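Trainee: Give the three-dimensional model of this entry:
(2 chains)
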2 protein chains.
Amino acid sequence: MDPRRALEYAHRHRGQFVSGLKEFLRFPSVSSQPERTGQVAQCAKWLAHHLKSVGLDRVCIIPTDGNPIVYASWQRAANRPTLIIYGHYDVLPGEPLKEWRTPPFTPTLLNDNLHARGASDDKGQLFSHVKALESYLKTTNTLPVNVKCIFEGEEEIGSPHLTSFIAKNKRALRADAAVISDTRMLAPDRPAISYAQRGGLRAELHVKGPPHDLHSGNFGGAVHNPLQALCEMIARLHDANGRVAIPGFYDDVRRWDEKERAFMMRTGPTDEQILRDAKVKRGWGESGFSLYERTTIRPALTVNGMAGGHQGPGAKSIIPTRALVKLSFRLVPDQDPRRVARLFREHIARITPPTVRSSVRVFSPIEPALVDRNHPAVRAAALAYQQGFGAPPVFIRSGGSIPVVNTFQKILKIPAVLMGFGLPEDHIHGPNENLHLPNFYNAIATSIWYLAIAAKLGSAHRVGKQTALAVSR
Amino acid sequence: MDPRRALEYAHRHRGQFVSGLKEFLRFPSVSSQPERTGQVAQCAKWLAHHLKSVGLDRVCIIPTDGNPIVYASWQRAANRPTLIIYGHYDVLPGEPLKEWRTPPFTPTLLNDNLHARGASDDKGQLFSHVKALESYLKTTNTLPVNVKCIFEGEEEIGSPHLTSFIAKNKRALRADAAVISDTRMLAPDRPAISYAQRGGLRAELHVKGPPHDLHSGNFGGAVHNPLQALCEMIARLHDANGRVAIPGFYDDVRRWDEKERAFMMRTGPTDEQILRDAKVKRGWGESGFSLYERTTIRPALTVNGMAGGHQGPGAKSIIPTRALVKLSFRLVPDQDPRRVARLFREHIARITPPTVRSSVRVFSPIEPALVDRNHPAVRAAALAYQQGFGAPPVFIRSGGSIPVVNTFQKILKIPAVLMGFGLPEDHIHGPNENLHLPNFYNAIATSIWYLAIAAKLGSAHRVGKQTALAVSR
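Mentor: Residues are numbered from 1 along each chain as shown, chains lettered A, B, ... in the order given. The predicted structure follows:
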């Protein structure tokens, strides 16, 4: 199917596309803040309405025990393959607000960059595909392939209800490949397809000392301070060489052969590029590995936040009653998040001094994922990038975690094609997140091309009667 | 002078005294929160008005570059000694509010305990003396001694303007002794006079990493985490034996002979008592010293608060840009807070890893203080306790810091008599601070007796014309 008319439509409607995206970005659809639940639901409603207006056949909001899944499909291309398009409309919190140049939920164009929480991760990327579908449907009233869009509202909290939704709807969700756009390119002219994702595990560690704050004059020197104890425990989570110091943690870490490491060296970013992206002068971490390797084929443990005692202005002479740290692991093949959780608990029990008490909670286990970079659906994506960005993509590993990659591979037995459109300088997860608009336009073109090229892939399925969707509860 | 009528008056007016104290406690006179400055000033105004109503001759609110000093005097007892009565009307913040059984600035009587921030530290103790003065003035229209009350509003932030006020008013503040009630007894039936105070120094340590929060998936394992780095640095502030690990820190710590240590063992609280007061099961700290010694003749370094990264509900996958810790030192003779500040800075510079940047700010240096427990003004206090509480006081060392003790001794050359009326279970500096009312009544009686007994002390000064007070700016 010739994508020309769709491409022309997309070009002509750039202004409208950006306006639509701005509307989408205005919703503070923050999944990690329970008080935002209503706003997440409103965002889902807006998205469903928008998908209907684009011309998709069947649009529904599927309730879960958490935030709803927005589902949309178009299945009229008999004997053509079926693609799942996955994205997430939930975002991280905007905090710390005062570090933003513009308010996170007031999308603002600064030069060619659209600033807003979610602009790149993932509303902007999700929207690229929606605009590609629109470009076909508004010009030709048809699509080159069948599509099933799954846009979830809980990716940033570990997709707790997505797996059961997919497992319960294996038949309804039959497809030939899943396209996921929630990763990064290397630069605006260097597209990339991710073929590996790290897994993950989140943890909270609480340390309790005296039952209430104590005066540090009266008791300082005689009562162990839970904040100090927590710091001392955190200091024992890494050794002096930047390695995670939890016994057994590296047991299942896969060793890659020289061929794969040479491939990574050739295709991946250099240490200098990673440091430039991070805007830091020096790298850190496990010796014997490049920074790219440290963030992809090696696991990591990060302190995401910590709180305890007096944090306001001025001083308060106390030994605080408790302290809390939030941590996250990034895991690699063949680590099992559940085993890591157990090792972590055991290590914490071992290093908790007898003068305080500790407790551990773990959340959101995500298994690491690998994609066969030679799968036809992945090769098709490479061709699409060549058209959309004028350059072939490099195959890279990602350091982040997208829970659904594994879910698609394991439950639906289809490859996940990680067509990322983000840029290193998008500031995702931090203040001043933004989307580089030229990338957005090229992403739409790439998606248009991908739909056209994917039409030539073989299909294992006959597109038949639509199957009713089971709710994920 | 016979204190009988004053004692009777005090007994009869207990209800009114508690009502007056409740009014005083209603002011959130928090000196460490700049937004409370207006409320601190209102509290000063109320106190000045109250002192006038009690019958003191000369009452004024003395402005400083910070919070005002409330001054009141009565100098009609020719040829009698002059006492300075010192207290502070400022308080610590009420936070964390949700841990209070009753709101911190809504004084509430639970059983025999008046709950409010400042109930014990120090409004309640200050008020005991005010009520003793009232009991004399309302019954006999005279006092046994001359008094000069100095009630400051900045004790909890290290009394930054008090020293210059006293230095500028050496002549106007001439006296024979200074009474300070801002310390603790051992139990309701075990009064105590403190003869030693630890000095102090506050510090803030900032650690900066990347210029903005980074995605922990993309960079975790390759960029040093400032929170982790800060924890690792804090872990290097103490050794495994609970000693402060800053080189040179113990150089000037005075060694006490066996006689003094035996006296301390006899008079001070046991380890068990201290653990019971703290409500913890195990002690901590420098081996070779009792818990009482660790909190009095040994210095300490306490982590008062720490913040960095994501602290809200849920999770945020970031490497935070920075982290902050608030610390306080407690120092002992013959440590110099300025030297400690230098050693701390040097140590931090030494242990800051090259992958992050650190900065140190120090505040509120306070020198340690010792009082001669055989001074006649101190012995007079012992007699007064015997009358007011029915038991002789023990002489104990305090772990806290009262900046003015040194100021009185060094600038005015007078002993500071540390007549504490607080109790270990008053929860000062923490949630649910309260004043045990029977102690309040006995404190008033003790103050009444002290004024009577102190009348017999010799005086080095002729009470003459009042000297104008210079403002401390």
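Trainee: so A:Gly314 sits right up against B:Glu35, yeah?
Mentor: No - the criterion here is Cβ atoms under 8 Å, and A:Gly314 misses it with B:Glu35 at 10.7 Å. C-betas here are computed from N, CA, C, even on glycine.
Trainee: Compare these two (neighbour count), which wins?
Mentor: Shown here are A:Gly314 and B:Glu35; by other Cβ atoms under 10 Å in any protein chain shown, A:Gly314 has more neighbours (18 against 8).
Trainee: where does chain A have low pLDDT?
Mentor: Within chain A, the stretches with pLDDT under 70 are A:460-467, A:472-473.
Trainee: could you pull out the helices for it?
Mentor: For chain A, helices defined by DSSP state H occupy the ranges A:4-12, A:14-25, A:37-54, A:123-140, A:162-168, A:216-219, A:226-235, A:258-267, A:271-278, A:291-294, A:337-351, A:376-389, A:403-407, A:437-454.
Trainee: Next, count neighbours for A:Ala377.
Mentor: Using other Cβ under 10 Å, the number of residues around A:Ala377 comes to 23.
Trainee: leaving aside the residues next to it on the chain, what's closest to it?
Mentor: Distances taken as Cβ to Cβ, 6 or more residues apart in numbering or on different chains put A:Ala177 closest to A:Ala377, at 3.6 Å, once the chain neighbours are dropped.
Trainee: Repeat that for A:Ile157.
Mentor: Among residues not flanking A:Ile157 along the chain, A:Ser31 sits closest, at 4.8 Å (Cβ to Cβ, 6+ apart).
Trainee: what about that neighbour, distance to B:Pro210?
Mentor: 25 Å (Cβ to Cβ, to the nearest Å).
Trainee: what's the answer for A:Val280, then?
Mentor: Distance from A:Val280 to B:Pro210, by Cβ to Cβ: 5 Å.
Trainee: cool, and A:Trp284?
Mentor: 11 Å.
Trainee: any common contacting residues for these two?
Mentor: B:Val223 (Cβ atoms under 8 Å, 6 or more residues apart in numbering or on different chains).
Trainee: re the thing from before, run a quick neighbour tally on the residue nearest to A:Ile157.
Mentor: Around A:Ser31 there are 26 residues (other Cβ under 10 Å).
Trainee: pretty sure it contacts A:Glu154?
Mentor: Yes - assessed by Cβ under 8 Å, A:Ser31 is found in contact with A:Glu154 at 5.2 Å.
Trainee: And the residue nearest to A:Ala377, how far from A:Phe151?
Mentor: 17 Å.
Trainee: Repeat that for A:Ile319.
Mentor: Using Cβ to Cβ, A:Ile319 is found at 48 Å from A:Phe151.
Trainee: These two: who's more crowded?
Mentor: Using other Cβ under 10 Å, the more surrounded residue of A:Ile319 and A:Phe151 is A:Ile319, with 33 against 26.
Trainee: The more buried one and B:Asn304, how far apart?
Mentor: Counting by Cβ to Cβ, the separation of A:Ile319 from B:Asn304 is 8 Å.
Trainee: what sits against the spatially most central residue of chain A?
Mentor: For chain A, the residue nearest the mean C-alpha position is A:Ile402 (4.9 Å; Cα atoms, centre = their mean). A:Ile402 is in contact with A:Glu155, A:Ile180, A:Asp182, A:Thr183, A:Gln197, A:Ala369, A:Ala416, A:Leu418, counting by Cβ under 8 Å, 6+ apart.
Trainee: what number of residues lie near A:Cys81?
Mentor: If you look again at residue A:81, you'll see it is Pro, not Cys. Neighbours around A:Pro81, by other Cβ under 10 Å: 24.
Trainee: Pull up the residues of the stretch 51-200 of chain A that are close to chain B.
Mentor: Proximity of the stretch 51-200 of chain A to chain B is confined to A:Leu92, A:Pro93, A:Glu95, A:Glu99, A:Ile157, A:Arg184, A:Arg198, A:Gly200 under the rule Cβ under 8 Å from any Cβ of the partner chain.
Trainee: So which of those wins on neighbours?
Mentor: With neighbours taken as other Cβ under 10 Å, the top of those is A:Arg198, carrying 30 neighbours.
Trainee: ok, and the closest non-adjacent residue to that one?
Mentor: With sequence-adjacent residues excluded and distances taken as Cβ to Cβ, 6+ apart, A:Arg198 is closest to A:Arg330, at 4.2 Å.
Trainee: Can you verify my assumption that the one you found contacts B:Gly220?
Mentor: Yes - in this structure A:Arg330 lies within contact range of B:Gly220 using Cβ under 8 Å: 5.1 Å.
Trainee: Which neighbours do those two have in common?
Mentor: Counting by Cβ under 8 Å, 6+ apart, the common neighbours of A:Arg330 and B:Gly220 are A:Thr295, A:Ala300, A:Leu301, A:Thr302, A:Gly399.
Trainee: which of these are close to chain B?
Mentor: Filtering those for proximity to chain B by Cβ under 8 Å from any Cβ leaves A:Thr295, A:Ala300, A:Leu301, A:Thr302, A:Gly399.
Trainee: which among these end up buried?
Mentor: Buried subset of those (neighbour count, 16 or more other Cβ atoms under 10 Å in any protein chain shown): A:Thr295, A:Ala300, A:Leu301, A:Thr302, A:Gly399.
Trainee: Settle this for me: A:Pro28 is touching A:Gly94, isn't it.
Mentor: Yes - assessed by Cβ under 8 Å, A:Pro28 is found in contact with A:Gly94 at 7.1 Å.
Trainee: Roughly how far does the residue lying farthest from the centre of chain A sit from B:Ile366?
Mentor: Here the centre of chain A is the reference, and by Cα atoms, centre = their mean the most remote residue is A:Asn218, at 48.4 Å. Distance, A:Asn218 to B:Ile366, using Cβ to Cβ: 15 Å.
Trainee: Same check on A:Glu204?
Mentor: From A:Glu204 over to B:Ile366 (counting by Cβ to Cβ), the distance is 37 Å.
Trainee: more neighbours, those two?
Mentor: Per other Cβ under 10 Å, whichever of A:Glu204 and B:Ile366 has more neighbours is B:Ile366, with 25 against 16.
Trainee: bridging residues for that one?
Mentor: B:Gly200 (DSSP bridges).
Trainee: Contacts only, for A:Ser358.
Mentor: Each residue near A:Ser358 by Cβ under 8 Å, 6+ apart is listed here: A:Leu205, A:His206, A:Val207, A:Lys208, A:Met233, A:Ile348, A:Ala349, A:Thr352.
Trainee: For the third one, name its beta-bridge partners.
Mentor: By that I understand A:Val207. The bridge-partner assignment for A:Val207, based on DSSP bridges, gives A:Ala323, A:Ser358.
Trainee: any idea how far chain B is from it?
Mentor: With distances taken as Cβ to the nearest Cβ, to the nearest Å, A:Val207 is found 12 Å from chain B.
Trainee: Check the first one too.
Mentor: Noted for A:Leu205: a distance of 11 Å to chain B, by Cβ to the nearest Cβ.
Trainee: now do the same end-to-end measure for stretch A:395-408.
Mentor: In stretch A:395-408, first residue to last residue: 20 Å (Cα to Cα, to the nearest Å).
Trainee: Same question for stretch A:96-112.
Mentor: End-to-end span of stretch A:96-112 (Cα to Cα): 24 Å.
Trainee: what's that stretch in contact with?
Mentor: With contact meaning Cβ under 8 Å, 6+ apart, stretch A:96-112 is reached by A:18, A:21-22, A:25-28, A:94, A:114-117, A:119, A:431-434, A:436-438, B:212.
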